[in-house]
Structures are given as C-alpha cells and as structure tokens.
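K.L.:
no FASTA, just this:
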Ligand SMILES: O=C1O[C@H](COP(=O)(O)O)[C@@H](O)[C@H](O)[C@H]1O
C-alpha cells in the first residue's frame, strides 16, 4: 500500500513548528543543490509567508543550518491578477513578510508579468513560459519538478488557487492555469495545476489555528474520497507530502501523527 502523507503536529508555532519547518526546508535545499546546484521552490500566499519568515529568518545554529538564499529560485504556487504592490498580491505579501528582510545574498524571485493582468489566460501562459525556461523546454520536460512546494490550506480545503469542486481540478495539460471565478476574493488568479503540485519532489503544507480544525478533519479522515484539493494532493504525493500543523489545528483529528525527524 502507498505510504501516506506525514502529519507533524507541534505545541507552538514559534518555538516548535518554525524550527522544524526550517530544518525540513534546509534538507530539501541541500537535496536540490545536490541534484542541480539550485533550489527551485514555489510558495503560497495567505498565512504561510509569516510562518515561513519565522522559520527562515531565524539565526543559523551552525554550518549545517544555512539558508543559501543565493541558490534559491522562488516561484509562486498561485497569484492573484493584481499589481505587484497591491495588498492582495501574494508577491507583495511574501516581499513584506520575508524577501525584504533577507540580508546578504538574495534569491532569484519570479513574480507574474503584470503586463498581462487584463487577460488571465495570457498571464498563466506567460508564467508557464517562465517555468519552461527554468525547467528546460516543455517538449523535453513533461512536468516541471519543483524541489519543494510550500503550501497553505484554506478553511475550505483549497490549496494554491485550486478550489473544491472547481473544474480546474481536472486540468491535465497546462502547468499554470487561469481562474476567473475564485470563490475567495479576488476572483481573477493564476495557479499551478494539480499534476504539477503532486509531481514536486517534496510538498510541505503549513496549517495553524483552530480555524483550520474542521477542514483538517475532512482532509485526513475522509481522504481523497472527500474531494478536497488538499486531500487530492495528499493522495497524489503520498509520503512526499508533509503537514506542519499546530495542536489547535488538529485537535480531535483521527490520523496518526509522526514524530518529526528528517
Ligand atoms: O487565497 C489564498 O488562500 C490560501 C490559503 O490561505 P490561508 O490564509 O488560509 O493560509 C493560500 O495558500 C493561497 O496562496 C492564497 O492565494
């Protein structure tokens, strides 16, 4: 039987979850560097960048605990069709929470091309071309393989801009797709598609707070049968998916917790 997603639960975010997430990201970074001397990562917006900043901006504890920012290529798992300085922009959020606070060597960051904000299909196609350039030509690469995806989980079970019951969940060809009717505002967005998400080497979800408890029950107790996008990622990725959650988010959820180890 295929191995299941890992569920790691921590008593507190700053003291326990953030250091574990840091250790996990650094291990993915080292694996990426060993593979191709670069670390290709895509990140979500929402509540994730704040936790990510707590994890990655902490002082290094030694040579094995280095975030090698200049080796990072950062992409967006989803983005809203708004200018890059708009409060709804996932880029703007990441910039405020994390990117602007990085001192020393800087990562390469790939925001959307705002020239195409009026046409979400074109916006998605252009972003797919960014991936094509980074991951070699689309003809030779069936799907881009991110070293790590850092994802959030909405209270409705959405991840990236893949929403429950939406036709986009059936997309099998595009790497990046437009959505014009996101149930969560703003409605116009672009997102990595489900096959790209499940194809990543590693996928880390971060979900914290009691507001996520009900959806965590559905994801982990009903599994893919419940149809929620996060559960579909768990099904497709199996043990390559790891959840970093706090105790509040998973209180009463019937699913085996793993002790965190690399
Ligand atoms: O709209 C979005 O929401 C999700 C989840 O956000 P959260 O605040 O509940 O963590 C986020 O992962 C996604 O990137 C964003 O566009």
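P.N.:
Received, thanks. None of the values given here were measured: they were computed from a predicted structure. Numbers count the residues shown, from 1 in each chain.
K.L.:
For the residue in the chain that the ligand sits nearest to, which non-adjacent residue is spatially closest?
P.N.:
The chain approaches the ligand most closely through residue 46 (2.2 Å), counting by CB to the nearest ligand atom. In this view, the C-beta of every residue, glycine as well, is placed from N, C-alpha and C. Using CB to CB, 6 or more residues apart in numbering and skipping residues adjacent in sequence, the residue nearest residue 46 is residue 152, 4.2 Å away.
K.L.:
Is it correct that that neighbour is in contact with residue 208?
P.N.:
No. Between residue 152 and residue 208 there is no contact under CB atoms under 8 Å: 9.7 Å.
K.L.:
which residues do the two both contact?
P.N.:
Shared contacts of residue 152 and residue 208 (CB atoms under 8 Å, 6 or more residues apart in numbering): residue 47.
K.L.:
which phi and psi does the residue of the chain closest to the ligand have?
P.N.:
Residue 46 has phi and psi values of phi 70, psi -140 when expressed as degrees, to the nearest 10.
K.L.:
Does it touch residue 151 like I think?
P.N.:
No. The pair residue 46 / residue 151 is not scored as a contact, 9.3 Å apart, by CB under 8 Å.
K.L.:
So which of these two has more stuff around it?
P.N.:
Ranked by neighbour count (other CB atoms under 10 Å), residue 46 and residue 151 place residue 151 first, with 28 against 17.
K.L.:
Quick check: bridge partners of that one?
P.N.:
Beta-bridge pairing of residue 151 under DSSP bridges involves residue 205.
K.L.:
Name the spans of the stretch 101-250 of the chain whose pLDDT lies under the cut-off.
P.N.:
By pLDDT under 70, the low-scoring segments of the stretch 101-250 of the chain are 137-139.
K.L.:
near the ligand, which residues of it?
P.N.:
Contact residues, the stretch 101-250 of the chain versus the ligand (CB under 6 Å from any ligand atom): 152, 154, 159, 161, 184.
K.L.:
Now do the contacts for the fourth one.
P.N.:
Just to be clear, that refers to residue 161. Contact analysis of residue 161 by CB under 8 Å, 6+ apart lists 78, 168, 179, 182, 189-191.
K.L.:
and which of those residues is nearest residue 26?
P.N.:
residue 78 (24.4 Å; CB to CB).
K.L.:
and stretch 219-239, which residues are buried?
P.N.:
The neighbour-count check on stretch 219-239 (16 or more other CB atoms under 10 Å) flags 219-220, 223, 226, 228-237 as buried.
K.L.:
what distance separates the start and the end of it?
P.N.:
End-to-end distance of stretch 219-239 (CA to CA, to the nearest Å): 15 Å.
K.L.:
ok, and what's touching that stretch?
P.N.:
2-7, 151, 153, 156-160, 162-165, 169, 194-195, 197-198, 200, 203, 205, 215, 218, 241, 250, 253-255.
K.L.:
Restricted to strands, list these.
P.N.:
Those of these mapping onto strands are 6-7, 151, 203, 205, 241, per DSSP state E.
K.L.:
close enough to count as contact, residue 163 and residue 182?
P.N.:
Yes. Contact criterion CB under 8 Å: residue 163 and residue 182 qualify, at 6.5 Å.
K.L.:
neighbour-wise, which of these two wins?
P.N.:
Taking neighbours as other CB under 10 Å, residue 163 and residue 182 compare with residue 163 leading, 23 against 20.
K.L.:
Provide the count of other residues in contact range of the closest residue to the more buried one other than its chain neighbours.
P.N.:
Using CB to CB, 6+ apart and skipping residues adjacent in sequence, the residue nearest residue 163 is residue 183, 5.6 Å away. Residue 183: 13 surrounding residues under other CB under 10 Å.
K.L.:
Ramachandran coordinates for residue 108?
P.N.:
Here residue 108 shows phi and psi, under degrees, to the nearest 10, equal to phi -90, psi 130.
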